[in-house]
Every structure is written in structure tokens, then in C-alpha cells.
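Chemist: just need the structure, nothing else, for what follows:
(4 chains)
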Number of protein chains: 2
Amino acid sequence: MGEVTIQQVATEAGVSPSTVSNLLNGRNHRMLPETRQRIETAIDKLGYRPNRAARQLRTGRTSTIGLVVPSVGNPFWGALARHIESAALAEGYHVLLCNSERDPRRERDYIDELWADGVHGVVLCSSLPSLEHVMPLVERGLQLVAFDRTSQAGDPASLVSISVDNAVGSQLATQHLTDLGHRRLAYVSGALASVNRKERYRGFVAGLEQAGLDPAEALRAPTGSGADDFGDVEASELGRAAAAELVALDEPPTAIVAINDMCALGVCRGLRDGGLEVGKDVSVVGFDDIVLADLYAPTLTTVRQPMREMAAAAFSQLRSRLDDPGPSQGQSLLFRPELIVRESTAPPP
Amino acid sequence: MGEVTIQQVATEAGVSPSTVSNLLNGRNHRMLPETRQRIETAIDKLGYRPNRAARQLRTGRTSTIGLVVPSVGNPFWGALARHIESAALAEGYHVLLCNSERDPRRERDYIDELWADGVHGVVLCSSLPSLEHVMPLVERGLQLVAFDRTSQAGDPASLVSISVDNAVGSQLATQHLTDLGHRRLAYVSGALASVNRKERYRGFVAGLEQAGLDPAEALRAPTGSGADDFGDVEASELGRAAAAELVALDEPPTAIVAINDMCALGVCRGLRDGGLEVGKDVSVVGFDDIVLADLYAPTLTTVRQPMREMAAAAFSQLRSRLDDPGPSQGQSLLFRPELIVRESTAPPP
DNA sequence: AGCATGCGGTGCATCGTTGCACCAGTCCGC
DNA sequence: GCGGACTGGTGCAACGATGCACCGCATGCT
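Modeler: Sure, this is the predicted structure:
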């Protein structure tokens, strides 16, 4: 049980613990190469690893960051988590995983707890439009990188926002459909509860206008209890239900833009249930380009987010702010979306 | 910055830090209700939260567990991570996420590091048949719960194994196909590098034999460089390539059993590429029942693992062993798989 | 000789919590 | 009225790493 301590290393190397500590922390400018060698040998021999708790207690710093996502069960967030974790690992950081399940209260509790644990940097994939609930901690020094959420008025000044340009992406998707000749489009999303969802819808509207169509005539589904928010796992359920509603119309749309890929897959499923063939009778576009978009039958036309780059940026932003003590200026990084055309879109029948 | 310490709480409540600590740790058998009240008031007023690092340094205990999975980018592991994290949260535990990317070295390094961080309990979803690389730590007291891996000779005595009965599951799937009348079956997997994969294949063979078929005549794909291991994200690629190989045969199989759902989806994709219709020309069965199995077109017949229950069991096993100091006896928990019949299977044409 | 400067380290207090050892006071029995 | 037990706490020394202040020595400069 007895783990090796810095004291034992020091004894072994015939120096004081301070000297070992100095070496460990790069304060070895004026250290005899021989001394350094002795210490390194001792470390290897004893298999010494610094005790993180002690180090954190003393310095107040951690090399653990928090990652708050709605749910890693969702392939999109799973992919993000994977990339963030990889980026963190490369720099010796660890990732504490938090699934908010889109519960604002849970999200808030998590962040409180992370802070209490000494975690000073969090990548937050919040479903909430306002970040007010975490302001107190941000004022105390919590570094926050918001992912998939463009910055808003009222956000903390130090906030970093990482996001794809949702409006442009949606517009790209919509334009693709109008270019194919579609004139009767529908938009499927849950409540536009988060910032990025609003943005995407805005892009949809812009795309319609650009094609000379009247946004007011476009359909939005579900039309029934459209105000309900929805969780990630249920995104596909929602898509499916929405599609059922749409096919039941007298004049169903010939093309559907979905808020994200999971939702789009649900839509495809619903259309199939209704006897329609996706990519022939109806076109469907998603958003995200999750791995399954290219596996699905038909393969899904979608808007790709450069996840790896975005994840790397999220981590490196966080890291640099964690290293630099001073109060830092926030910024927004908007990544460029890319339309990936696959089989689920075609000219209207 | 200055966080509230137990000392401040003590001063505020007019007691000694020890007394506050006693209350916090449930040693309040003989404490005046009034004192207790004063302390609780002080805690609330100051917003005190115990410093984890200090606590861990002092006690040697953490309420963080490690979760090592191949990659949370894979929906199956993502779902597991979500459930484990939920179970942990409910008991006040945190989850440190580690993606091994199926790299044995990375897996090993991770576990070493977790140990050095004071994490004494890990849920390990290892791709490795042998656990030898972690034996030294297990001997030092590391508690290990192996997920999706039935126990093996040579495993640490204290190891807990949580797994679905892979052989039975596979046999169920195979039997379903032979019951439908299929006589020419193929099995698609990567290398049978891990224990559970071997088990699944064994179930497949058993299923064939039970139907009076000769396992030797069943196909295994890919036939080319079949010995290659594969990562999770590439499981679908492998399925797709394997399907391409199979359709090119003079006498293609009428039914395919895939090692898991991601692989099965790849197979479906490959079959489609080859002009075959899944659920009509060819039947396909997967394993896991990931969320997408029910979204796919056609919906995928598969073998369900009771993930939520398995995740809960994994955490509670770990927890109880973490709480109880003494050396504990290992055990294996085998969960019952369930065949979920959907559209991707049908009688042979 | 007298003082400054550089070199290669070391001493020590400290981070916040814990829990064993201990203590002063009261009450009981004989 | 004295030993013993109980009550409701407190004192103090850790846990392991850190980093500032400091030290003895050698050398250089005037």
C-alpha cells in the first residue's frame, strides 16, 4: 500500500525533498547534471509518481478538466467526448465526465461540484441559453468553454465559445434542397430552446428567402405540442413522430431539414413507416455528420461539423487560460460547416 | 478565491474543526443537537464544501472511479458510460473517462495513472484477453470490474466480471436464422482477439450444430487478412468490407451474423452496395441493441444486452468493494441476453 | 581585507482534513 | 468521598508536495 513519496526518492538520491521537487517542476536551471542524474535514477528505481492530491492541495491546481454534455449516450456527444479526452490526454490532463441529461439543475450541481473538487476548467455543452447559473463561479475564476453554443449578450466576459456556424450550415442544407428544385420544405426540431437551435432555424429561414420562398409557408413539426423540449436520446423519437405528422398532411413536404442527425434518422424512420422512400419520395437533410450518417440506408446528406478540430480548440483554449493566471478575455470561435451530399436528398419526384 | 475551510466553519459555529469534521463524517452519536444545529447553520451560511484534495490526502480515499472503454465515440460504449456515470452520480461518485482506443499500452498507462491519482476502483472494458498487465496494481489493492469480458483462468482472484452471456446470445441469434430456414450462414467479426468475441463465435457454432449444420461449411469473413484486429469506430468499415467479399462469392450466404451492431450496420451497408436488400435477399443479425438498431432501415434484428442493469451492477460491485477494506472474493455476473427480432431477418428467398 | 555576486542546494511552514488520544466535568455506586 | 464510567467535545500530529527565504562556500573586484 505504502506508495513511494518524494521523501523516499530524496533519501535514495541523497538530496533533500526540495531538490527533487525542484527537478520535478522544472526549476533545474542551476542543478549539477550529476545530481539530476541521481534523482532520475532514484525515481525510476522506486517507481515514484507524485501524489496528485498532495500536489493539488498545496498548489491549488489540478490537471483535471470537466466535460459537461447532455449525454454521452448520444453518438454526437460521444464523439466529442472522445476527441476532448484525446486532446486532454496528450497534454497530461484528465477528463471528468458529466452527463447533464439536459437537466438544468443537474448541470448546475455538477459545475458546483467540479469547482469544489478543485476543477477550474470546464467544457460546457449546455442546453441552456443563459449561463447565469454559473456566473458566481466564473467570477471566482472558473474557466468556461462553451461548446456548440455561440456567445450571447450577458455571457461572462471571459467565456470562450466554440461552435460551428449553425446558421450558415443550415442555410447550406436548405439551399441544397431548393437548388434540387424543392419548394415545399419542412423543418423538424424540438423547441428552439438553445441558442444553436435558434441559429439553425434562422439559417433555414434564410435559405428559403434566398430561394424566393416564403418562410411563412414552410412547415414546422411537430405542430402539436411543439413547445416541448426533448432530450438527446429522444431526438430520434421526435423525428419519427414529426415525420408521421407530416406524411399525414394533404400536401406533404417534399423535403425535410432536421435539427440534427439523430433527429434526421428518426425522420427517415417515420417516413418509412408512412410508406415513403427517403431519397426518392422525400429528401432529408441532417446536421452534425455523425458516423452513422454514412452507414444509414439511404446514406444521409448532412452538414458536417469539424469535430476533431473543434474539440482540440476547446481543450487548448481551456488549457491556455488555466495556465495563464490573469483574467482573460473571452472570444468566439466559429467553425465552418461543410455540406456532405449523400443519398437522402434528390430532386422532388 | 479563498474557499471556505473547515476552520472558518468551526469559528463561525464556535466549536473546533474536529467537531465539524466529526459531524461531517457521521461521528455525531454524542453531539448535542444544538451544537449540531449551529454547525449546520454555519455550513449553510458560509457555503462550505469540503476540499477533496485535502480529504483524499488525509484519508487516502477518493470518490472517483475510472472508466476505461475502447472509445466513447462508439454508441455502445457511449451508452455504457452514460449509465455508469448515472449510477455513480447517484452515490456521489465521479467518473474519470479513459478511451483506450484499443491500444494495450494506452490502457495500461491509463490504469497506472489512475492508480497514481488515488483512484482505487476501475471499470475496465478491456480488449485484452489477459489482465496480466494490471496484476501488480491489483495486488496493491486496485479494485477491478471487468465489463463485457467473462472471467478467465489466470485472472486476479478479486476480479469481478460483468458480462452478458455472449455464447447464449449468439446461439439465440443463429438459431433464429436457422429456424427461419437459412442453411448458408456467414459470421462477420474481426480477429477473435477478445474473450467475448471468442464466446460469441462459439455460440454461433453451437447454433449451427444444433440445427444439424456443419460449422466447417459456414463462412467467415473477412477471409483475406482476417487476423487483423479492429477498432470500434472501424467496426462498421470491417462489416462493409466483409459484406463486399461475401456478395462476390459464387454462392453468397443467405444470412449473416455480425459480431456487434456497428459491424452489422456496416454489413447492411455493404450488402446494399452490392445490390442486395437486407431483410429480403439476405438476413442480418447484430449484437448489443444499440439505439440505432431500431432506427436503421431496415430495423435491425439483434441480441440485447441489459445495459442499464449491467452498468448498475458494475458500479455497485465496485462500490461495495471500495467500501469494504478487506481482500474480497471475485465473482462473475452473467446477464441474460434477449433476442430482439426486427426487420433485418426473414426467411431465405 | 571587505563586500558583492553566483552557485547549488536545503529548511521549514503550509495547504485543509482527519481521527486518535486525551481532557474536564458530571453522575453513579458503594 | 473516591474510583470508574460516561458525556461532549478539543488538541495535535500527520497526509505528501511545494516554493520562498535562506545558507555556506568560492570567486571576483576594488
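
Chemist: tell me how many other residues crowd A:Arg342.
Modeler: A:Arg342: 17 surrounding residues under other CB atoms under 10 Å in any protein chain shown. Glycine gets a C-beta too; all of them are placed from N, C-alpha and C.

Chemist: right, and it touches A:Val303 too?
Modeler: No - in terms of CB atoms under 8 Å, A:Arg342 does not count as a neighbour of A:Val303; the distance is 11.5 Å.

Chemist: was I right to think A:Val134 contacts A:Gln143?
Modeler: No - counting by CB under 8 Å, A:Val134 stays clear of A:Gln143, with 11.1 Å between them.

Chemist: next one: phi and psi at A:Ser283?
Modeler: Main-chain dihedrals, A:Ser283, degrees, to the nearest 10: phi -100, psi 150.

Chemist: repeat for A:Glu113
Modeler: Per-residue torsions, A:Glu113: phi -70, psi -40 (degrees, to the nearest 10).

Chemist: look up how far DNA strand C lies from it.
Modeler: Distance from A:Glu113 to DNA strand C, counting by CB to the nearest atom of the strand, to the nearest Å: 14 Å.

Chemist: repeat that for A:Gly279.
Modeler: Taking CB to the nearest atom of the strand, one finds A:Gly279 at 60 Å from DNA strand C.

Chemist: and the stretch 151-300 of chain A, which of its residues are near DNA strand D?
Modeler: Contact residues (CB under 7 Å from any atom of the strand) of the stretch 151-300 of chain A with DNA strand D: there are none.

Chemist: what is the neighbour count of the residue of the stretch 151-300 of chain A found nearest DNA strand C?
Modeler: Residue of the stretch 151-300 of chain A nearest DNA strand C, by CB to the nearest atom of the strand: A:Ser158 (23.0 Å). A:Ser158: 17 surrounding residues under other CB under 10 Å.

Chemist: and if you look at A:Gly154?
Modeler: 10.

Chemist: tell me the SS of the nearest residue to it once chain neighbours are set aside?
Modeler: Spatially, and ignoring its direct neighbours in sequence, A:Gly154 is nearest to A:Ser130 (6.8 Å; CB to CB, 6 or more residues apart in numbering or on different chains). Under DSSP: H, G, I helix; E, B strand; the rest coil, A:Ser130 falls in the coil class.

Chemist: right, and A:Ser130 touches A:Pro156 too?
Modeler: No - A:Ser130 is beyond contact range of A:Pro156, at 11.0 Å (criterion: CB under 8 Å).

Chemist: which one of the two is surrounded by more residues?
Modeler: Neighbour count, other CB under 10 Å: between A:Ser130 and A:Pro156, A:Pro156 has more, with 19 against 13.

Chemist: re the thing from before, quick one: residues contacting the residue of the stretch 151-300 of chain A closest to DNA strand C.
Modeler: A:Val138, A:Gln143, A:Leu144, A:Arg321, A:Pro327, A:Ser328, A:Gln329, A:Gly330 (CB atoms under 8 Å, 6 or more residues apart in numbering or on different chains).

Chemist: could you look up the SS state of it?
Modeler: At A:Ser158 the chain is in coil, as set by three-state DSSP.

Chemist: and for A:Arg342?
Modeler: Per three-state DSSP, A:Arg342 ends up coil.

Chemist: report how many residues lie close to the closest residue to it other than its chain neighbours.
Modeler: Nearest residue to A:Arg342, sequence neighbours excluded (CB to CB, 6+ apart): A:Thr299, at 3.9 Å. For A:Thr299, the neighbour count with other CB under 10 Å is 18.

Chemist: how near is A:Ser21 to A:Asp44?
Modeler: Note on A:Ser21: its distance to A:Asp44, by CB to CB, to the nearest Å, is 17 Å.

Chemist: which residues of the stretch 1-150 of chain A score low on pLDDT?
Modeler: A:1-2, A:127 (pLDDT under 70).

Chemist: and the pLDDT for A:Gly274?
Modeler: Note for A:Gly274: predicted pLDDT of 93.

Chemist: tell me if I'm right that A:Glu85 and A:Tyr93 touch.
Modeler: No - here A:Glu85 lies out of contact with A:Tyr93, judged by CB under 8 Å, at a distance of 9.0 Å.

Chemist: neighbour count for the two, which is higher?
Modeler: Remark: of A:Glu85 and A:Tyr93, A:Glu85 carries more neighbours, 26 against 19, as counted by other CB under 10 Å.

Chemist: ok, now which ones touch the more buried one?
Modeler: For A:Glu85, the contact set (CB under 8 Å, 6+ apart) comprises A:Leu67, A:Val95, B:Val72, B:Leu97, B:Cys98, B:Asn99.

Chemist: tell me how far the residue positioned nearest the centre of chain A lies from A:Asn196.
Modeler: Central residue of chain A (CA atoms, centre = their mean): A:Phe147, 4.7 Å from the mean position. Per CB to CB, A:Phe147 is found 10 Å from A:Asn196.

Chemist: what do these two both touch?
Modeler: A:Ser163.

Chemist: mind listing the helices for the stretch 1-150 of chain A?
Modeler: A:6-13, A:17-24, A:33-46, A:52-59, A:75-90, A:104-116, A:135-140 (DSSP state H, counting those that start in this stretch).

Chemist: need those in TSV (columns: distance to A:Ile256).
Modeler: Rendered in TSV, the data for the helices of the stretch 1-150 of chain A read as follows (distance: least, CB to CB, whole Å):
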stretch	distance to A:Ile256
helix A:6-13	62
helix A:17-24	58
helix A:33-46	61
helix A:52-59	50
helix A:75-90	19
helix A:104-116	29
helix A:135-140	38
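
Chemist: can you tell me which of these is most buried?
Modeler: Of the helices of the stretch 1-150 of chain A, the one with the most neighbours on average (mean count of other CB atoms under 10 Å in any protein chain shown) is helix A:75-90, at a mean of 24.

Chemist: for it, C-alpha coordinates in CSV please.
Modeler: Extracted C-alpha coordinates of helix A:75-90, given in CSV (Å, rounded to 0.1, in the frame of the first residue of the first chain):
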residue,chain,number,x,y,z
PRO,A,75,-23.2,9.5,-30.7
PHE,A,76,-22.6,13.1,-31.3
TRP,A,77,-21.6,13.9,-27.8
GLY,A,78,-19.8,10.6,-27.5
ALA,A,79,-17.7,11.6,-30.4
LEU,A,80,-17.0,15.0,-28.8
ALA,A,81,-16.1,13.4,-25.5
ARG,A,82,-13.7,11.1,-27.3
HIS,A,83,-11.9,13.9,-29.0
ILE,A,84,-11.7,16.1,-26.0
GLU,A,85,-10.4,13.3,-24.0
SER,A,86,-7.7,12.6,-26.6
ALA,A,87,-6.6,16.2,-26.7
ALA,A,88,-6.5,16.3,-22.9
LEU,A,89,-4.5,13.1,-22.6
ALA,A,90,-1.9,14.4,-25.0
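
Chemist: helix B:75-90 and that one, what's the angle between them?
Modeler: 80 degrees (axes from the mean of the first three to the mean of the last three CA atoms, to 10 degrees).
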